[in-house]
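>>> everything below, folded, please.
(one chain, ligands or ions: 2)
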Amino acid sequence: MTQAFASDWDVPVKTRLTGFDLITQPMLNKGMAFSQSERDMFRLHGLLPPHIATIEEQAERRLRVLRAFSTDFERYAFLRDLQDTNETLFYAVLVRHIEELLPLVYTPTVGEGCQHFSEIWRKPRGVFLSYPNKDRIREILADPRFDRVRVIVVSDGERILGLGDQGAGGMGIPIGKLSLYTGCAGIHPELTLPILLDVGTNNRERLTNPLYIGWRHERIVGAEYDAFVEEFVSAVIERWPDVLLQWEDFAGSNASRLLAKYRDRLCTFNDDIQGTAAIAAGTLMAAINVTGVKLTEQRIAVLGAGSAGCGISSLLLRAMVDAGLSEEQARSAFYLVDRNGLLVDGMEGITPAQMPFVQDRHAISDWVVDEAGDIGLLEVVRNAKPTVLIGVSGQAGAFSEDVVRAMAEGVRHPVIFPLSNPTSRSEAVPQHLMEWTDGRALIGTGSPFPPVQWQGRDIPVDQTNNSYIFPGVGLGVLAANARRVTDAMFMVAGKVVASMSPTATDRNARLLPPVDQLRAVSLAVARAVAVQAQADGVAEACDQATLDRRLQELVWEPTYRPYELVK
Ligand SMILES: O=C([O-])CC(=O)C(=O)O
Ligand SMILES: [Mg+2]
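Ligands and ions are numbered 1, 2, ... in the order given. Presented below is the predicted three-dimensional model:
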């Protein structure tokens, strides 16, 4: 129906729709920006007020309404409604005010959006694949509206940010992530499809909420769950053989299991495992510009040994081996702490993903621990003197004052990344980290925080969030027509972000490029990822000029194009 390419911005969009049918299509609606001649041609007179607006004026009007609300949740709901009413305008506002709007369409507010998704549900967006429809998956995906889909983000809602099981409300996450594919990487909205696998929920509050929109049932698990996911993935491969499928916010064991099962069958990745790892690695590389402590000399403590913790550790391990350490030396630099404390060999319930990172009991036999012999985060920090502390635990405040002060005693520049989202789940508040380390901490948080005040200065807090990574990875995959997503593609994505760090030229600068540069970052990531895909043999080789042309064709700017009536 429409054409996606920015380079075609003055080529008319051809459509048969007129009148009310036209202005109720979010992807075609221009609101008051329909010109006089379009109003004649498409019979819009009277349906719209007589004023003819520019997109700038419309954006300004929406922004004023947005700012007048008293809560961010109202702003989230308003923006979701705008997205479902006039998608071009939604992105025009988002792109122009990315720093202000990112925390509204994405973390932290999207967390509340998922918790209250049922209460604010208005219009369909994306696809709900509910378990009782398990025999209709192919039929649902066959809808011609989805013919042009090239990127899917799918969640089963079981581990939404650090907020746990949100059931069908988890749909807020695929919608939010894909808004960033468009907002940050310029991928046309029609190429994207949010999907929620509605396999029930174990969240009592949702199950007993009369307004709950999902399938009112306990979660399907085990073989039935696996068969459902298998049916979904095979239907996706059949419908769109070259699609990019991003897994998002699956619970730990499913996240790594499903990635391992499917990563060789289609072009797919898990954002919480691989995207988060890439940005953690990239931010650490930027921090190294400041601390001067080489990657091979880092000791890394990770709180939360789930899929994200293991994903981060795996990527950093690889980077350390690439930098010259033996696999064994590199492994010994990791201290993963979970509910039962430090992961050590012989511990019960170690998962395959955790296995490479269990500490040797002998290596820690001289550690000073309390009488009970428990080895929690504090004991790890006191004994191992980590240079880096990463939180992916979903536990607010877990980087307590004693832990942080102990870390600051052991190293000159503690690198501390409380990555859990949303803000309410962050392992620490940046202001505290600064105070407890006498201003020596290098901080990266998963969710946005206001600047830290230190010695009369306002110091911005960097957002070590996978939003620096996945939109660019997606664009790179599309531009290269990659068949698979490799770990090296994430490594290079992290390196590109590090190379764009203001610390590359100024040791006193912030670690990451500011959020308002996300479009430039995503484009640079995309280029590098596409080149890496070719190097890894998962995409046909092409020259730089061809690649640049494809990137340019893929990047859509949210502007209105002229319309032409198809009779
Ligand atoms: O969505 C975010 O902000 C980052 C992320 O993937 C998560 O926390 O699950
Ligand atoms: Mg996530």
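>>> make it CA atoms for all contacts and neighbour counts henceforth
OK.
>>> OK, contacts around the residue in the chain that ligand 1 sits nearest to?
Proximity of the chain to ligand 1 (C-alpha to the nearest ligand atom) peaks at L161, 4.0 Å away. The neighbours of L161, taking C-alpha atoms under 8 Å, 6 or more residues apart in numbering as the test, are 111, 249, 394, 420-422.
>>> what does the stretch 101-250 of the chain have sitting close to ligand 2?
D249 (C-alpha under 5 Å from the ion).
>>> please, where are all the helices along the stretch 101-250 of the chain?
109-115, 117-120, 137-141, 172-185, 204-208, 222-239 (DSSP state H, counting those that start in this stretch).
>>> I'd like these as JSON lines, with mean pLDDT and mean neighbour count appended.
Below are the helices of the stretch 101-250 of the chain laid out as JSON lines (pLDDT from 0 to 100; neighbours: other C-alpha atoms under 10 Å):
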{"stretch": "helix 109-115", "mean pLDDT": "98", "mean neighbour count": "25"}
{"stretch": "helix 117-120", "mean pLDDT": "96", "mean neighbour count": "18"}
{"stretch": "helix 137-141", "mean pLDDT": "98", "mean neighbour count": "16"}
{"stretch": "helix 172-185", "mean pLDDT": "98", "mean neighbour count": "26"}
{"stretch": "helix 204-208", "mean pLDDT": "97", "mean neighbour count": "15"}
{"stretch": "helix 222-239", "mean pLDDT": "98", "mean neighbour count": "15"}
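>>> nearest to V477, of those?
Among the helices of the stretch 101-250 of the chain, helix 172-185 comes nearest to V477, with 11.7 Å by C-alpha to C-alpha.
>>> other residues contacting that closest one?
Against helix 172-185 from outside (C-alpha under 8 Å, 6+ apart): 91, 94-95, 98, 105-106, 110-111, 113-114, 117, 125-126, 153-155, 160, 187-189, 192-196, 248, 467, 470-472, 474-475, 518-519, 522-523, 555-556.
>>> narrow those residues to those that are buried.
Buried members of the contacts of helix 172-185, counted by 16 or more other C-alpha atoms under 10 Å: 91, 94-95, 98, 105-106, 110-111, 113-114, 117, 125-126, 153-155, 160, 187-189, 192-196, 248, 467, 470-472, 474-475, 518-519, 522-523, 555-556.
>>> and the strands in the stretch 51-200 of the chain?
127-130, 151-155, 192-198 (DSSP state E, counting those that start in this stretch).
>>> make CSV out of the helices of the stretch 101-250 of the chain and add distance to D81.
Converted to CSV, the helices of the stretch 101-250 of the chain look like this (distance: least, C-alpha to C-alpha, whole Å):
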stretch, distance to D81
helix 109-115, 12
helix 117-120, 10
helix 137-141, 24
helix 172-185, 12
helix 204-208, 23
helix 222-239, 28
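>>> ok, back up a step: got TSV for the strands of the stretch 51-200 of the chain, with mean pLDDT too?
Shown next, in TSV, are the strands of the stretch 51-200 of the chain (pLDDT from 0 to 100):
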stretch	mean pLDDT
strand 127-130	98
strand 151-155	99
strand 192-198	98
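>>> save those as CSV, and put in distance to D165 too.
What follows is the strands of the stretch 51-200 of the chain, written out as CSV (distance: least, C-alpha to C-alpha, whole Å):
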stretch, distance to D165
strand 127-130, 16
strand 151-155, 11
strand 192-198, 12
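>>> for L317, which of those strands is the nearest?
Closest among the strands of the stretch 51-200 of the chain, using C-alpha to C-alpha: strand 151-155, at 27.3 Å.
>>> now check that closest one, is it near ligand 1?
No - against ligand 1, strand 151-155 shows no contacts by C-alpha under 6 Å from any ligand atom, the least distance being 10.5 Å.
>>> now that strand: how far from the chain's centre is it?
11 Å (C-alpha atoms, centre = their mean, to the nearest Å).
>>> S447 reaches N465, doesn't it?
Yes - S447 is within contact range of N465, at 7.0 Å (criterion: C-alpha atoms under 8 Å).
>>> need the pLDDT of the closest residue to V290 other than its chain neighbours.
In this structure, V290 finds its nearest non-sequential neighbour in R507, 5.0 Å apart by C-alpha to C-alpha, 6 or more residues apart in numbering. With respect to pLDDT, R507 has a value of 92.
>>> which is the succeeding secondary structure element to the helix or strand where A524 lies?
Taking DSSP states H and E as the criterion, A524 maps to helix 518-535. Downstream of helix 518-535, the next assigned helix or strand under DSSP H and E is helix 544-554.
>>> pull out the buried residues from that following helix.
By 16+ other C-alpha under 10 Å, the buried positions in helix 544-554 come out as 547, 550-554.
>>> redo those as JSON lines? Include distance to R361 and pLDDT.
Converted to JSON lines, the buried residues of helix 544-554 look like this (distance: C-alpha to C-alpha, whole Å; pLDDT from 0 to 100):
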{"residue": "L547", "distance to R361": "50", "pLDDT": "97"}
{"residue": "R550", "distance to R361": "53", "pLDDT": "97"}
{"residue": "L551", "distance to R361": "50", "pLDDT": "97"}
{"residue": "Q552", "distance to R361": "54", "pLDDT": "95"}
{"residue": "E553", "distance to R361": "55", "pLDDT": "95"}
{"residue": "L554", "distance to R361": "52", "pLDDT": "96"}
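>>> make CSV out of the helices of the stretch 101-250 of the chain and add distance to ligand 1.
Formatted as CSV, the helices of the stretch 101-250 of the chain follow (distance: least, C-alpha to the nearest ligand atom, whole Å):
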stretch, distance to ligand 1
helix 109-115, 8
helix 117-120, 16
helix 137-141, 25
helix 172-185, 7
helix 204-208, 20
helix 222-239, 20
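>>> what are the buried residues along stretch 374-393?
Neighbour counts using 16+ other C-alpha under 10 Å place 375-393 of stretch 374-393 among the buried residues.
>>> those residues in strands, which ones?
388-391 (DSSP state E).
>>> confirm for me that A539 is in contact with A479.
No - the pair A539 / A479 is not scored as a contact, 9.7 Å apart, by C-alpha under 8 Å.
>>> higher neighbour count, those two?
A479 (25 against 20; other C-alpha atoms under 10 Å).
>>> let me see the contact set for G397.
425-429.
>>> separate out the buried members of the residues you listed.
Among these, those classed as buried by 16+ other C-alpha under 10 Å are 425-429.
>>> can you tell me which residues in the chain are near ligand 2?
249, 272.
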